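A.B. asks: pasted the sequence and its predicted model underneath.
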Amino acid sequence: QSRLVESGGGLVQPGGSLRLSCAASGFTFNYYAIGWFRRTPGKEREAVSCISSSGSKLTYADSVKGRFTISRDNAKNTAYLQMNSLKPEDTAVYYCAATPYVSAQGLCLPENEYDYWGQGTQVTVSS
């Protein structure tokens, strides 16, 4: 059974850091690009950051550039999202997703292009 499992969410004060993990199983992880998405109540889910299958191409939403870092370890079938200098507006449920499709620029693809989704992990930034 193919699945993605996120972990690492929690409550953090503004300016703090968290590292999210996305563990994959049941499919050939290094064939898939990974995207991190987030959704806040009342808003549509948005792409936060994406990484190509090899890890050579990265992309970030403008709202997180310079604060978040996406990475992956294909030997461990795991992707990561390091989040620094967190702000209250980063509060959301964060999801990872996997797609076999390729964006030449490493951009995040539309959600319907992703085959697998995790269950989500809550990140709350509050004092």
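C.D. replies: Perfect, thanks for sending it.
A.B. asks: residue contacts, the residue nearest the centre of the chain?
C.D. replies: Nearest to the mean C-alpha position of the chain, counting by CA atoms, centre = their mean, stands Trp36 at 2.1 Å. The contact partners of Trp36, by CB atoms under 8 Å, 6 or more residues apart in numbering, come to 20, 22, 47-50, 70, 79, 81, 94-97. C-betas here are computed from N, CA, C, even on glycine.
A.B. asks: quick check, pLDDT for Gly42.
C.D. replies: We have a pLDDT of 86 for Gly42.
A.B. asks: one more: Glu111?
C.D. replies: Reported pLDDT for Glu111: 94.
A.B. asks: in space, what's closest to it - neighbours in sequence excluded?
C.D. replies: With CB to CB, 6 or more residues apart in numbering as the criterion, Glu111 has its nearest non-adjacent residue at 6.7 Å, and that residue is Arg45.
A.B. asks: pretty sure that neighbour is touching Phe37, no?
C.D. replies: Yes. With contacts counted by CB atoms under 8 Å, Arg45 reaches Phe37, the gap being 5.0 Å.
A.B. asks: the more surrounded of the two?
C.D. replies: Phe37 (24 against 17; other CB atoms under 10 Å).
A.B. asks: let me see the contact set for the more buried one.
C.D. replies: Phe37 touches Arg45, Glu46, Ala47, Val48, Tyr94, Tyr95, Cys96, Ala97, Cys108, Glu111, counting by CB under 8 Å, 6+ apart.
A.B. asks: what does Tyr31 give?
C.D. replies: By CB under 8 Å, 6+ apart, the contact set of Tyr31 is Ser53, Pro100.
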